[in-house]
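**Student:** sequence? don't have it. structure:
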């Protein structure tokens, strides 16, 4: 198909698609929008925004594509989770793209905004070990629960991009941290109420690095000069650590 035929075909599509855009989706008329494939296994291209349509090809990982529009409805698919053996739901749009000398549809779950975002997202996959304590604000040593950051491990499995409640597209991960399963954006926390204190743990990403934090607080009862009893009056233990991770494997 030469450029003239392609231009006529695209012009015809603009007219047809625009006339149905209110019911079918949004066409990016006059906009130059490109996205990057973010999927080691590549990304299938379909004739329509449906898995029941015909598959017409495949895009490679990190391939740049020109996006012409997106579906009105958000697609929900179930993806298997490696570490828990269960399934999770991911929601994103279908995107209408230029494909070779024609057009097609791809699922937005595996389209990053640019190459940098795609590489950064995929680089987080794998198994990580606790590296070093980057800040230590311990108020007292813990004898009951000594903290050993070298035993902290984190397993990450990239699942695709998901639409957040504020309509932003963000990477979605399955992760296991010390036996606790997480799903969604990389931000997992755990808190155990121990009456007058607690043990708080979390893992998160900041400036492209993965961190874990640990906080252990315990309070003891006191009695003031008037004999008033306060079950949580005395701070008996307060530990705070933040530590980074280093990658030790590409995955399982």
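**Tutor:** All right, it came through fine. Remember, it's a predicted structure, so these values are computed and weren't measured experimentally.
**Student:** how would you label residue 116: helix, strand or coil?
**Tutor:** Each residue gets one of three states, and residue 116 gets helix by DSSP: H, G, I helix; E, B strand; the rest coil.
**Student:** gap between it and residue 187?
**Tutor:** Remark: distance between residue 116 and residue 187 (Cβ to Cβ, to the nearest Å) = 21 Å. Where you see a C-beta, it was placed from the backbone N, CA and C, and this is true even at glycine.
**Student:** Residue 82 too?
**Tutor:** From residue 82 to residue 187 the distance is 19 Å (Cβ to Cβ).
**Student:** All the helices of the stretch 151-252 of the chain, in order from the start?
**Tutor:** Taking DSSP state H, counting those that start in this stretch as the criterion, the stretch 151-252 of the chain carries no helices.
**Student:** Low-confidence regions, this protein specifically.
**Tutor:** 1-24, 136-151, 190, 192-195, 250-252 (pLDDT under 70).
**Student:** now the farthest one out in it, which residue is it?
**Tutor:** Largest separation from the mean C-alpha position in the chain: residue 226, at 54.2 Å (Cα atoms, centre = their mean).
**Student:** Residue 233 versus that residue, what's the distance?
**Tutor:** Distance, residue 226 to residue 233, by Cβ to Cβ: 13 Å.
**Student:** Same question for residue 42.
**Tutor:** 62 Å.
**Student:** Centre-most residue in the chain?
**Tutor:** With distances taken as Cα atoms, centre = their mean, residue 172 lies nearest the centre of the chain, 2.4 Å away.
**Student:** which one is it nearest to, not counting chain neighbours?
**Tutor:** Of all residues not flanking residue 172 in the chain, residue 162 sits nearest, at 4.1 Å (Cβ to Cβ, 6 or more residues apart in numbering).
**Student:** quick one: contacts for that neighbour?
**Tutor:** 90-92, 109, 169-172, 184 (Cβ atoms under 8 Å, 6 or more residues apart in numbering).
**Student:** can you check residue 54 too?
**Tutor:** Counted by Cβ under 8 Å, 6+ apart, residue 54 has contacts 46-48.
**Student:** ok, so of those, who is nearest residue 25?
**Tutor:** Of all the contacts of residue 54, residue 48 has the smallest distance to residue 25: 11.4 Å, by Cβ to Cβ.
**Student:** ok but the closest one is inside a strand, no?
**Tutor:** No: assessed with three-state DSSP, residue 48 is coil; it does not lie in a strand.
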